[in-house]
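Chemist: A predicted structure for the sequence below; I have some questions about it.
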Amino acid sequence: MADISMCKGTDCPIASTCRRYTARPNPHRQSYFTEVPIKDGKCEMYWGEKAEDIYKQLKQIFKGDKDE
């Protein structure tokens, strides 16, 4: 999935539930954060289930689709 910045999840306690860690990377071109963006046990870049729903809605809006 080359259209997102992914995370290597090193020492991250929530990596297993984050799309930025669990998504399948594009083998030819994939961007990653240079450092795991977690501070004090929190991550502003966390992409969980609810964020996935928001992403799908945004894609629909930009494509002009009502249903995906």
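Modeler: It's in.
Chemist: going forward, measure contacts and count neighbours with C-alpha atoms only.
Modeler: Fine.
Chemist: so where do the strands sit in the protein?
Modeler: With DSSP state E as the criterion, the chain has strands at 5-6, 31-32, 38-39, 42-43.
Chemist: ranking these by burial, who's on top?
Modeler: strand 5-6 (a mean of 19; mean count of other Cα atoms under 10 Å).
Chemist: one step back: quick one, which of the strands of the chain is nearest to Leu58?
Modeler: Set against Leu58 and scored by Cα to Cα, the strands of the chain come closest in strand 5-6, at 16.9 Å.
Chemist: That closest one pairs with which strands, parallel or anti?
Modeler: As defined by DSSP bridges, the strand partners of strand 5-6 come to strand 31-32 (parallel).
Chemist: For the partner strand, the averaged confidence score.
Modeler: The pLDDT scores in strand 31-32 average 94.
Chemist: Off-centre distance for it?
Modeler: On the basis of Cα atoms, centre = their mean, to the nearest Å, strand 31-32 sits 10 Å off its chain's mean C-alpha point.
Chemist: And stretch 14-21, by the same measure?
Modeler: 8 Å.
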